[in-house]
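Student: One predicted model, sequence on top.
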Amino acid sequence: MAVPAIRVTAVTKRYGDLLALAGVDLEIGQGEFFGLLGPNGAGKTTLISALAGLIRADGGTLEIMGHDVVSASRDARLKLGVVPQELVFDPFFTVREMLTFQSGYFGIRGNGDWIDEILHGLGLSSRANANMRALSGGMKRRVLVAQALAHRPPVIVLDEPTAGVDVELRQNLWQFVKKLNTDGHTVVLTTHYLEEAEALCGRIAMMKAGRIVALDTTANLLSRFTARAFRVRAGHPAAALGLGGAAAGNDWVEFGFDAPADIESLLARLREAGADVREIAVGGPDLEQVFVEVMRHA
Amino acid sequence: MPDPFRASSFIGFRTLLHKEVLRFWKVSFQTVVAQVLNALLFLLIFSHVLDRRAAVHGEVPYTTFLVPGLVMMSLLQNAFANASSSLIQSKITGNILFVLLPPLSCRTFYAAYVLAAVLRGLFVAAGVWLVSALFVAAPLAHPAWALAFAILGAALLATFGVIAGIWADTFDQLAAVHNFFVIPATMLSGVFYSLHSLPPLWQKISHFNPFFFMIDGFRHGFFGQSDTSPWLSLTVTGGCLVVLAALALAMLARGYKLRG
């Protein structure tokens, strides 16, 4: 059996009175596209920092591709690429210089071909020789992604990589990261854009107050916590409400349903009740509802 | 067969050194040229005021005596400034991450920052010496002594710069170390005077200032004479370097103020 890309066992971290990680257990398999979600202060960045060796956990163990981040830190770091949350850059250097340095720090010389490939994949080729100061926020964010990939790590952690990035850049970034995942890289993503996590991640963990409060496949989380909704805008909302619907504002009434066949019979009953249906809308489950539900009950 | 671990560590060291040298070289007008000009102003002003009034070590004219002191002062201050300012800037802007995420050992980290700072110190020192040669000749009697003290002194101040850069949380804290310790300690270490011109009490106090030994030993390389034995100066300078290097490496190994 292949070693997990990431294994976190009973990890704790305390800052003064604040318990930032309260015994986290987590295993992420090789090749997964994994989402780590949670409100601000949930412990996501602390967990990522512990994986990257930027902070030391008070207790427990963390492994990257089977290498302990403390006792085998060198091997663990070679296997990990981290895109930090903060938009940090070195104002003295150009994009290409930054990527060349980052390769060298990991012991790689003559990495030009791969650097060109990353620059191309992230739409940075035309800005390769521009100073970091001259780049927009979105471009700087892409350089951070490029830096994390410079040593071709099998495990990539992206800590809110699309914060402040416009739609076009975001789509370009996801296209590139999806390709990396298809090529076999394990991707761990934290984001506040839940639709991104829903679209990209095969499994999701939700954190709150330093604990993992939900961990499952995205499909299971969606089906476990949310129902599909069927909504009608009625000329006579009272008639629709009389059939068990819930008021959703502006004459809209919402009904839950399990299978598409339920809609047909519901429409027939609405017609019989004289609800005068003028518009209909069908909504599937979404991760935002799941997130709200999980956080409310955790 | 080459050890891949050592080969990759060497590439990491060379890359970090290259980055640190490029960092000051890209702003060399500020980090090298301006420093040479500062030292030159000292030379012109002090030589104008004191050259005919003071001779040192018997027959060495004051301006000639001043040159190695100014060269060494510039070297020490710039070695400290390079390591400390690079670290504090990286910490405050957050880009220190880029060298904390890769598998760079604390020895690699230390060696690269110190060697880059030594190189900047040597660049500035060479600049001060060459430019001052336009005004006054200060030939090297014992180049090996001068080079030994230049390299050891620069490494010592660069190491102190690494420690201060790691310790300081703000530019203000670092400026306090620079302005209230490094500058007074260099200025009061015999850059502008011979120890023998001081009252006995101040002569004794000066022997507790490691900067005095660095500058006096360096000056021995120029004139073949000094206020104290160059071997004693070498021992003090080397001893201080070993102690501070051990402290810097211990801070890096613990991740003090770098890794939470």
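Tutor: Now that the structure is in, tell me what you want to look at.

Student: contacts, neighbours, all on C-alpha from now
Tutor: Will do.

Student: In three-state terms, how would the closest residue to residue B:82 other than its chain neighbours be classified?
Tutor: Once flanking residues are discounted, residue B:82 sits nearest to residue B:117: 5.2 Å by Cα to Cα, 6 or more residues apart in numbering or on different chains. For residue B:117, the assignment made with DSSP: H, G, I helix; E, B strand; the rest coil gives helix.

Student: I'd like the distance between the residue in the stretch 51-200 of chain B positioned nearest to chain A and residue A:115.
Tutor: Ranked by Cα to the nearest Cα, the top residue of the stretch 51-200 of chain B for proximity to chain A is residue B:103, at 4.8 Å. To residue A:115, residue B:103 is 20 Å away according to Cα to Cα, to the nearest Å.

Student: Residue A:273: neighbouring residues, count only.
Tutor: Per other Cα atoms under 10 Å in any protein chain shown, the neighbour tally for residue A:273 reads 15.

Student: Identify the residues contacting it.
Tutor: By Cα atoms under 8 Å, 6 or more residues apart in numbering or on different chains, the residues touching residue A:273 are A:239-240.

Student: swap in residue A:88?
Tutor: Taking Cα under 8 Å, 6+ apart, we find residue A:88 in contact with A:144, B:93-95.

Student: Give me the secondary structure label for residue A:61.
Tutor: Assigned with three-state DSSP, residue A:61 falls in the strand class.

Student: hang on, I meant residue A:204
Tutor: strand.

Student: Now do the contacts for it.
Tutor: Counting by Cα under 8 Å, 6+ apart, residue A:204 makes contact with A:34-37, A:197, A:214-218.

Student: Could you turn the buried ones of those into a PyMOL selection?
Tutor: For the buried members of the contacts of residue A:204, the matching PyMOL selection, counting by 16 or more other Cα atoms under 10 Å in any protein chain shown, is:
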select buried, chain A and resi 34+35+36+37+197+214+215+218
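
Student: What is the most widely separated pair among the contacts of residue A:204?
Tutor: A:197 and A:214 (14.3 Å; Cα to Cα).

Student: can you give me the helices for the stretch 101-250 of chain B?
Tutor: Residue ranges of the helices in the stretch 101-250 of chain B, as given by DSSP state H, counting those that start in this stretch, are B:106-132, B:143-167, B:171-177, B:183-187, B:200-206, B:210-223, B:230-254.

Student: Select from these the stretch with the lowest mean pLDDT.
Tutor: Here the lowest mean pLDDT among the helices of the stretch 101-250 of chain B goes to helix B:200-206, at a mean of 85.

Student: Any buried residues in that helix, and which?
Tutor: In helix B:200-206, counting by 16+ other Cα under 10 Å, buried: residue B:206.

Student: can you check stretch A:288-298 too?
Tutor: A:288, A:290-291, A:294-295.

Student: so who does residue A:283 touch?
Tutor: Applying Cα under 8 Å, 6+ apart, the residues contacting residue A:283 are A:228-231.

Student: re the thing from before, in a markdown table: the contacts of residue A:204, plus pLDDT.
Tutor: Listed next are the contacts of residue A:204 as a markdown table, based on pLDDT from 0 to 100:
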| residue | pLDDT |
| --- | --- |
| A:34 | 97 |
| A:35 | 96 |
| A:36 | 95 |
| A:37 | 94 |
| A:197 | 90 |
| A:214 | 92 |
| A:215 | 94 |
| A:216 | 93 |
| A:217 | 93 |
| A:218 | 90 |
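
Student: The contacts of residue A:204 in helices, which ones?
Tutor: With helices taken from DSSP state H, the overlap with the contacts of residue A:204 comprises A:197, A:218.

Student: Inside strands: which ones of the contacts of residue A:204?
Tutor: A:34-37, A:214-217 (DSSP state E).

Student: Strands of the stretch 1-150 of chain B, start to end?
Tutor: B:55-56, B:60-61 (DSSP state E, counting those that start in this stretch).

Student: Ok, the stretch 101-250 of chain A next?
Tutor: Secondary structure of the stretch 101-250 of chain A (DSSP E, counting those that start in this stretch): strands located at A:155-159, A:186-190, A:203-208, A:211-217, A:228-234, A:246-249.
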